[in-house]
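# Pasting the sequence and the predicted coordinates here, then a few questions.
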Amino acid sequence: MFELIIFLVLLTLGYGFGRYAEKRHYRSLIEREQKLSSLPAVASRFPPMRGAYRQVLVNGNVVISVDYFKRFLAVLRNLFGGRVTAYESLMDRARREAILRMKEQAEGMGARYVFNLKLETASISKGRRDTVGSVEVLAYGTALIPEAAAG
Amino acid sequence: MRYRDIPPPEGINVTQVHPLKELALLLSGAVAAVVALAFLLATFGGTLARMIPVKMEMSLVSGYEAPEHTQKELTRFVRELGKRLADQMEMPEELEVQIHVVDDDTVNAFATLGGHIILYQGLLERIPHENALAFLIAHELAHLKYRDPIAAFGQGAAVNIGLGLLLGSSNLSVLESAGLLTTLRFSREMETRADDAAIEAVIRIYGHATGAAELFRVLKSVATS
């Protein structure tokens, strides 16, 4: 009985805080993405032929953790199969946040573009038992800074 | 500008299902599965238990050593009678029947796991003659023949596991503990079937089974007093 109460409390806390954090994060993501939309990050490996640019490696990474509620949903989902929708939004947020951090770094250097954008993910807990599941997303690319702007 | 960054449209990489709705759906599915499993275990536990090979049942309770009875002659007589009856009853081949007489006033007798039959001195003293004793032993042998002890035990264990699943208790120690050699509860059908087989076996040896009626009388008088 006592265990059940603890479980329900954890589940409610996970749901409440998780939902709140997710909503707030999405608001911030959309706002910052708009602000940084003048600095394109593209996957192309071939920089523009015209103009002289300095090239700098820029990267942004983020580690996200799963809340108790999402974890419970995912465990249930494991029984039946199908889309783990609980984790989809987490991965979406992590990917966008990593790109934004990379762009923020590039913007600080006065870059005009980021080329060769790449994304990598790594599981930090590696599915070990009794550890909090967390995932790292790393975004990296080549920032192109106009030579004139470089000081 | 040749290179442009277009903000990603919302709702493509994320499935828009309310998490609580998904929780309700998954949880009800899981609960339904557990309830169904518990129900199946409770219903078919006995039938499943009968499928356990005799050898496995024997090894399950191999550690049991019954206390030697002081009256060696009585034990030997009872065992010989049991052997004669067993020869008439088509017992399972691998089953080794062991009859024990317990030096105790309890008026009882029972068959249990691993082919053990326990007869209490208290009951033996009240039995009027050999025919009634033969019927008593044949009745217990019939329980062993139809594998009623393992079925009753399996049924009980299955119900316990089912309840454990439902109540979420991880303590499924019923399998180890659950005094293997205590009296198991047999259903009315099991008793009737054992009586029929016992009467048949006793008639084959003695030509009649009047002892059955007398044994019932003894048991009834014990139950009422």
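Sure thing, it's come through.

# need the helix or strand of the chain with the lowest average pLDDT.
Picked chain A for this. Across the helices and strands of chain A, mean confidence by mean pLDDT, DSSP states H and E is lowest for helix A:68-80: a mean of 88.

# wrong one, I was asking about chain B
Result, chain B / mean pLDDT, DSSP H and E: helix B:148-167, a mean of 77.

# in the helix or strand just after that one, what counts as buried?
Tracing the chain C-terminally past helix B:148-167 and defining elements by DSSP states H and E, one meets helix B:188-206 next. For helix B:188-206, burial by neighbour count (16 or more other Cβ atoms under 10 Å in any protein chain shown) applies to B:190, B:193-195, B:197-199, B:201-202, B:205. (Glycine included, C-beta is placed from N, CA and C.)

# Just name the closest of those residues to chain A, please.
Nearest to chain A, judged by Cβ to the nearest Cβ, of the buried residues of helix B:188-206 is B:Met190 at 37.2 Å.

# Contact partners for A:Lys70?
A:Lys70 sits next to A:14, A:18, A:86-87, A:90, B:19 when contact means Cβ atoms under 8 Å, 6 or more residues apart in numbering or on different chains.

# picking that back up, centre of the chain to the least confident helix or strand of chain B, how far?
9 Å (Cα atoms, centre = their mean, to the nearest Å).

# Equivalent analysis for stretch B:108-123, please.
14 Å.

# what mean pLDDT does it have?
Computed over stretch B:108-123, the mean pLDDT rounds to 87.

# about what we covered before: how about CSV for the contacts of A:Lys70, with distance to B:Ala42 and secondary structure added?
Below are those laid out as CSV (distance: Cβ to Cβ, whole Å; DSSP: H, G, I helix; E, B strand; the rest coil):
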residue, distance to B:Ala42, secondary structure
A:Gly14, 34, helix
A:Gly18, 38, helix
A:Ala86, 34, helix
A:Tyr87, 37, helix
A:Leu90, 41, helix
B:Pro19, 34, helix
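
# So, low pLDDT: which residues of chain A?
Where chain A drops to pLDDT under 70, the residues are A:127-132, A:149-151.

# Chain B contacts on that one?
A:4, A:15, A:19, A:30, A:33-34, A:36-42, A:44, A:48, A:69-70, A:72-73, A:76-77, A:79-80, A:83, A:85-86, A:88-89, A:91-92, A:96, A:113 (Cβ under 8 Å from any Cβ of the partner chain).

# rewinding a little: remind me what the least confident helix or strand of chain B packs against, helices and strands.
If contacts are counted by 3 or more Cβ pairs under 8 Å, 6 or more residues apart in numbering or on different chains; DSSP states H and E, helix B:148-167 sits against helix B:19-50, strand B:109-112, helix B:188-206.

# I'd like these as CSV, with distance to chain A appended.
Formatted as CSV, the helices and strands packed on helix B:148-167 follow (distance: least, Cβ to the nearest Cβ, whole Å):
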stretch, distance to chain A
helix B:19-50, 4
strand B:109-112, 36
helix B:188-206, 37
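
# As TSV, the ones you listed with distance to B:Leu85 would be great.
Putting the helices and strands packed on helix B:148-167 into TSV (distance: least, Cβ to Cβ, whole Å) gives the following:
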stretch	distance to B:Leu85
helix B:19-50	22
strand B:109-112	13
helix B:188-206	5
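
# Pretty sure B:Leu27 sits against A:Leu76.
Yes: between B:Leu27 and A:Leu76 there is a contact at 6.5 Å, judged by Cβ atoms under 8 Å.

# In terms of packing, which of the two has more residues around it?
Neighbour count, other Cβ atoms under 10 Å in any protein chain shown: between B:Leu27 and A:Leu76, A:Leu76 has more, with 18 against 13.

# which non-adjacent residue is nearest that one?
Spatial nearest neighbour of A:Leu76, excluding adjacent residues (Cβ to Cβ, 6 or more residues apart in numbering or on different chains): B:Leu26 at 3.8 Å.

# What of B:Glu57?
Ranked by Cβ to Cβ, 6+ apart and with sequence neighbours excluded, the top spatial neighbour of B:Glu57 is B:Ile150, at 5.3 Å.
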